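Asks: any chance you can model this:
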Amino acid sequence: MHTAPRCDRTTAWAALQGHYQAHGRDFDLREAFARDPGRFDSLSFEAPGLFADLSKNHLDLATLKLLCELARECRLEQRRDALLAGEPFNHTEGRAVLHTALRAPKGTGPFSDEVHEVLTRMLNFVEEVRDTANSGIKHIVNIGIGGSDLGPQMVVPALDAFVHPGLTFHFVSNVDGHDIAPVLRRLKPAETLFIIASKTFTTQETMANAQVAKAWFLQHGGTDTRRHFVATTTNVKAAAEFGIDTTFGFWDWVGGRYSLWSAIGLPIALAIGAEHFRELLAGAHAMDRHFATTPVERNLPALLGLLDVWYRNFHRYTSRSVAPYHQGLKRLPAYLQQLEMESNGKCVDLAGEPLPYATSPVVWGEPGTNGQHAYFQMLHQGTDVIPVEFILVKQPTHPYADLHTKLLANGLAQAQALMLGKSSEQAAQEKAPTASADLDRQTLAKHRTFPGNRPSTTLLLDQLTPGSLGALIALYEHRVFTSGALWGINSFDQWGVELGKALCNDLLPRLSSGNVDGLDGSTAGLLKRVTA
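Replies: Numbers count the residues shown, from 1 in each chain. Below is the predicted model of the structure:
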């Protein structure tokens with residue numbers, strides 16, 4: 001695998017430490033804009049499908065220059081090229097990481113023949129099902145978990161304007177009957193297609209829900225599981241034993257959180273159709289080319305990854321809030337939690353040495369304007385500084401122009417308010433209609449003071465289409481790769497997920513037997529309580 005210096009062992013890292021102490025620690029956005037009227041122009045960047053304003057962040061051109069030097073000293077571009085060429089970047093599992101090959105045009109990427117054979121076969125099947133007059137299908141139920149659920153569950157509502165009007169989509173992931181039961185209540189076997197999404201066809205949660213779905217199907221008069229159940233899996237034998245003939249496979253170089261571009265995207269393709277699914281792939285491929293060919297200084301995914309390193313390791317910000325001002329993107333924060341935190345939530349470097357610095361921030365958020373009436377209070381006046389990522393879409397796909405104007409105004413205003421804040425002097429001059437008449441003006445002003453100077457990034461899309469959404473998702477993928485590469489970690493394994501699975505397999509029979517031998521005191525006590 002392509003090796004490179006770890007970020008903290010570089011000259012640029014030491015230079016950034018000095019720069020932070022001299023200029024970064026006390027950086028003030030309001031002063032920066034006063035000094036440089038052209039700050040917006042010099043800190044705005046374009047990439048396929050979107051525009052990014054980085055000017056409200058705690059950085060300047062000198063910071064960016066040092067961060068780009070850090071990227072080059074850590075050989076980011078060489079590591080990127082090695083990743084895209086198919087070197088075994090997931091070294092702990094001996095696998096390449098080639099989700100980019102899934103969206104490369106035919107004949108241009110690794111494994112192109114295999115990729116496009118599955119894609120063509122899947123999209124042919126999609127068009128047959130979408131012919132609802134002949135297929136009789138009205139409901140699609142995707143049963144998966146993790147990457148087999150979060151990607152499709154995020155994309156389908158995001159592209160609601162493109163979804164087949166005669167199909168309704170349901171997503172079941174949790175190994176909790178409260179997840180699948182309300183879905184099944186709304187269905188009829190003859191009108192339903194179940195997708196069982198599991199690469200190995202052994203995923204505990206997915207297979208448990210699949211067995212429930214099959215039993216429900218047969219109990220309610222279903223007669224042809226081979227017509228109403230399909231699988232996205234590589235384990236064709238296990239799928240056949242379950243009663244499934246129609247399978248669409250993918251490869252071990254497709255990680256779960258990067259898999260929506262593969263057969264795991266079947267529910268997406270069923271929702272938006274073959275042509276629009278190809279547009280989703282094309283949008284992601286355009287961002288791939290931007291990441292692969294653009295110098296770091298103008299490379300938007302790389303710049304965002306570098307900003308993440310600057311904030312996490314120098315400013316020591318522990319989290320980032322994602323605020324999409326588009327209801328269709330309501331599941332984007334949850335999708336990004338897996339993409340970033342499962343990828344970069346690591347504490348050892350590639351050589352297995354403990355890291356002396358922090359890695360992934362906590363990623364969280366809600367769509368605007370809902371978030372404004374929930375956690376934005378903390379963003380504006382809380383004791384922690386939390387960078388915010390606003391995602392705005394210029395053109396809606398609904399006819400309610402006044403609503404969209406209000407939505408955009410709110411997004412712009414929140415970013416402005418975080419930056420500008422409000423001084424106690426300003427607050428003292430204002431009248432607050434809901435304030436207590438018994439509280440003196442100066443005390444009230446202190447409660448209504450906002451420190452400001454709180455950083456944010458704004459990503460702007462012209463419209464939320466399959467192409468622009470593909471580009472946005474690929475942007476985040478390459479951003480996560482960038483920060484992980486600088487931190488010197490493996491962003492493509494997830495051993496922390498495996499630990500809980502192994503312990504669960506030990507505890508399952510104990511819930512029936514009541515045997516607590518060898519368990520720690522707390523787990524033993526809880527097991528006795530839940531089985532009493």
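Asks: please make it C-alpha for all contacts and neighbour counts, starting now.
Replies: Noted.
Asks: give me the residue at the spatial middle of the chain.
Replies: In the chain, the residue lying closest to the centroid (Cα atoms, centre = their mean) is residue 336, at 1.9 Å.
Asks: show me the contacts for it.
Replies: Residue 336 makes contacts with 363, 476, as judged by Cα atoms under 8 Å, 6 or more residues apart in numbering.
Asks: using CSV, write out every CA atom in the helix or strand containing it.
Replies: Using DSSP states H and E, residue 336 maps to helix 332-336. Only the C-alpha atoms of helix 332-336 are listed here, as CSV (Å, rounded to 0.1, in the frame of the first residue of the first chain):
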residue,chain,number,x,y,z
LEU,A,332,-28.5,13.2,5.2
PRO,A,333,-27.1,13.8,8.7
ALA,A,334,-27.7,10.2,9.7
TYR,A,335,-26.1,9.0,6.4
LEU,A,336,-23.0,11.2,7.1
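Asks: which parts of the stretch 51-200 of the chain are helices?
Replies: With helices called from DSSP state H, counting those that start in this stretch, the stretch 51-200 of the chain shows them at 61-73, 76-85, 112-130, 132-135, 147-158, 177-184.
Asks: buried set for the last one?
Replies: In terms of neighbour count (16 or more other Cα atoms under 10 Å), helix 177-184 has its buried residues at 180, 184.
Asks: next, count neighbours for the closest residue in space to residue 5 that isn't next to it in sequence.
Replies: Using Cα to Cα, 6 or more residues apart in numbering and skipping residues adjacent in sequence, the residue nearest residue 5 is residue 74, 5.3 Å away. If you count neighbours by other Cα atoms under 10 Å, residue 74 ends up with 24.
Asks: do the same with residue 302
Replies: Applying other Cα under 10 Å, we find 27 residues neighbouring residue 302.
Asks: please state the backbone phi and psi of residue 203?
Replies: When read as degrees, to the nearest 10, the backbone of residue 203 gives phi -60, psi 120.
Asks: same question, residue 461
Replies: According to degrees, to the nearest 10, residue 461 has phi -110, psi 140.
Asks: residue contacts, it?
Replies: Counted by Cα under 8 Å, 6+ apart, residue 461 has contacts 49, 50, 51, 391, 392, 393, 394, 468.
Asks: ok, residue 355 next?
Replies: Residue 355 neighbours (Cα under 8 Å, 6+ apart): 347, 348, 349.
Asks: just the buried residues of the residues you listed.
Replies: Buried among the contacts of residue 355 (16+ other Cα under 10 Å): 347, 348, 349.
Asks: for the residue lying closest to residue 199 once chain neighbours are set aside, give me its contacts.
Replies: Leaving aside its sequence neighbours, residue 199 sits nearest to residue 233 (Cα to Cα, 6+ apart; 4.2 Å). Listed by Cα under 8 Å, 6+ apart, the contact partners of residue 233 are 197, 198, 199, 200, 201, 239, 247, 248, 249, 250.
Asks: ditto for residue 238
Replies: By Cα under 8 Å, 6+ apart, the neighbours of residue 238 are residue 201.
Asks: PyMOL command for the buried members of the contacts of residue 233?
Replies: Here is the PyMOL command that selects only those of these that count as buried (16+ other Cα under 10 Å):
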select buried, resi 197+198+199+201+239+247+248+249+250
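Asks: with distance to residue 156 and pLDDT added, can I get the contacts of residue 233 in JSON lines?
Replies: JSON lines is the format used below for the contacts of residue 233 (distance: Cα to Cα, whole Å; pLDDT from 0 to 100):
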{"residue": "197", "distance to residue 156": "16", "pLDDT": "97"}
{"residue": "198", "distance to residue 156": "19", "pLDDT": "95"}
{"residue": "199", "distance to residue 156": "21", "pLDDT": "90"}
{"residue": "200", "distance to residue 156": "24", "pLDDT": "91"}
{"residue": "201", "distance to residue 156": "23", "pLDDT": "95"}
{"residue": "239", "distance to residue 156": "25", "pLDDT": "95"}
{"residue": "247", "distance to residue 156": "21", "pLDDT": "97"}
{"residue": "248", "distance to residue 156": "19", "pLDDT": "97"}
{"residue": "249", "distance to residue 156": "21", "pLDDT": "94"}
{"residue": "250", "distance to residue 156": "21", "pLDDT": "94"}
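Asks: in JSON lines: the contacts of residue 233, plus distance to residue 131.
Replies: Converted to JSON lines, these look like this (distance: Cα to Cα, whole Å):
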{"residue": "197", "distance to residue 131": "22"}
{"residue": "198", "distance to residue 131": "26"}
{"residue": "199", "distance to residue 131": "27"}
{"residue": "200", "distance to residue 131": "30"}
{"residue": "201", "distance to residue 131": "28"}
{"residue": "239", "distance to residue 131": "25"}
{"residue": "247", "distance to residue 131": "20"}
{"residue": "248", "distance to residue 131": "20"}
{"residue": "249", "distance to residue 131": "23"}
{"residue": "250", "distance to residue 131": "25"}
